[in-house]
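S.K.: Show me how the following folds:
(one chain, ligands or ions: 2)
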Amino acid sequence: MNKNITLVPVGIVESELLSWLARRLFEVLAQKVVIAEKLPLPSAGYDRRCQQYQGAALRAMLSKRSIVGAERVVGVIGADCYAPGLNFIFGQARMGGREAIVALPRLHQSFDNQPEDTALFRARLLKEVVHELGHTWGLSHCADPQCVMHFSNTLHDTDVKGVDFCERCQFRLAISKKLAKSDCASRTPQADWAEPTAVVRSPWMNP
Ligand SMILES: [Zn+2]
Ligand SMILES: [Zn+2]
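M.R.: Ligands and ions are numbered 1, 2, ... in the order given. Model prediction:
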């Protein structure tokens, strides 16, 4: 049965962080969470000039892997990521897709030369993972700033929102999961685009 959420560390990711994330995800989603073996960062999708990885290339790498029992696969990326037209992304997922990614570096306070705050970093990571999983379960962005599906344009938005789905999103999630279990799933329209969590225009693309 494909029931679990599998976390795949890509690049340098602390095992203790993954264990913490798995525990908290289980508490929030009440779904089994498994940690897979670490994968190296791929050469495909690497932008040498910006030292960033393209989110779609990382998701494609994960999509090629057969992971037993995985209903969803979350790549926890130990490197900065971007998408075409966006100078960075916190995470990325495809509506209805199996794979999502979350990039770690920019979730650290120290990335912006501020004193590191481990609790804050972990809270951000948990919210971003739940958010991207929400997209894979068919949820779009929510207007409620407290809801985990609220769009994070900046980390401030991430810090304001909670880790839980609002009532409306919970309702949608329940319907989406029910449909996925029924024969209707194949008739459910699925958007075929990758939705970044953060949208910031690249300065070098806007001279
Ligand atoms: Zn909501
Ligand atoms: Zn989103």
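
S.K.: Now do the buried residues in the helix or strand harbouring Leu58.
M.R.: Secondary structure here is read from DSSP states H and E; on that basis Leu58 sits in helix 55-63. Within helix 55-63, the residues that qualify as buried are Gly55, Ala56, Ala57, Leu58, Arg59, Met61, Leu62, counting by 16 or more other C-beta atoms under 10 Å. No exception for glycine: its C-beta is placed from N, CA and C like everyone else's.

S.K.: Tell me how many other residues surround the nearest residue to Trp20 once chain neighbours are set aside.
M.R.: In this structure, Trp20 finds its nearest non-sequential neighbour in Arg122, 6.4 Å apart by C-beta to C-beta, 6 or more residues apart in numbering. Around Arg122 there are 15 other residues, counting by other C-beta atoms under 10 Å.

S.K.: My guess is Arg122 contacts Leu18. True?
M.R.: No - with contacts defined as C-beta atoms under 8 Å, Arg122 does not count as touching Leu18, sitting 11.2 Å away.

S.K.: Next, Val34: phi, psi?
M.R.: Listed backbone geometry of Val34 is phi -120, psi 140, with angles given as degrees, to the nearest 10.

S.K.: Now do the contacts for it.
M.R.: Contacts for Val34 were tallied using C-beta atoms under 8 Å, 6 or more residues apart in numbering; they are Asn4, Ile5, Thr6, Leu7, Ala22, Gly69, Ala70.

S.K.: of these, the lowest pLDDT goes to which?
M.R.: Lowest pLDDT within the contacts of Val34 is found at Gly69 (90).

S.K.: who in this protein is up against ligand 1?
M.R.: When proximity is defined as C-beta under 5 Å from the ion, the chain approaches ligand 1 at Cys142, Asp144, Cys147, Met149, Cys166, Cys169.

S.K.: Mind putting these into a markdown table with secondary structure, pLDDT and neighbour count?
M.R.: Below are the residues of the chain next to ligand 1 laid out as a markdown table (DSSP: H, G, I helix; E, B strand; the rest coil; pLDDT from 0 to 100; neighbours: other C-beta atoms under 10 Å):
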| residue | secondary structure | pLDDT | neighbour count |
| --- | --- | --- | --- |
| Cys142 | coil | 97 | 20 |
| Asp144 | coil | 97 | 16 |
| Cys147 | coil | 98 | 22 |
| Met149 | coil | 97 | 22 |
| Cys166 | coil | 98 | 19 |
| Cys169 | helix | 97 | 22 |
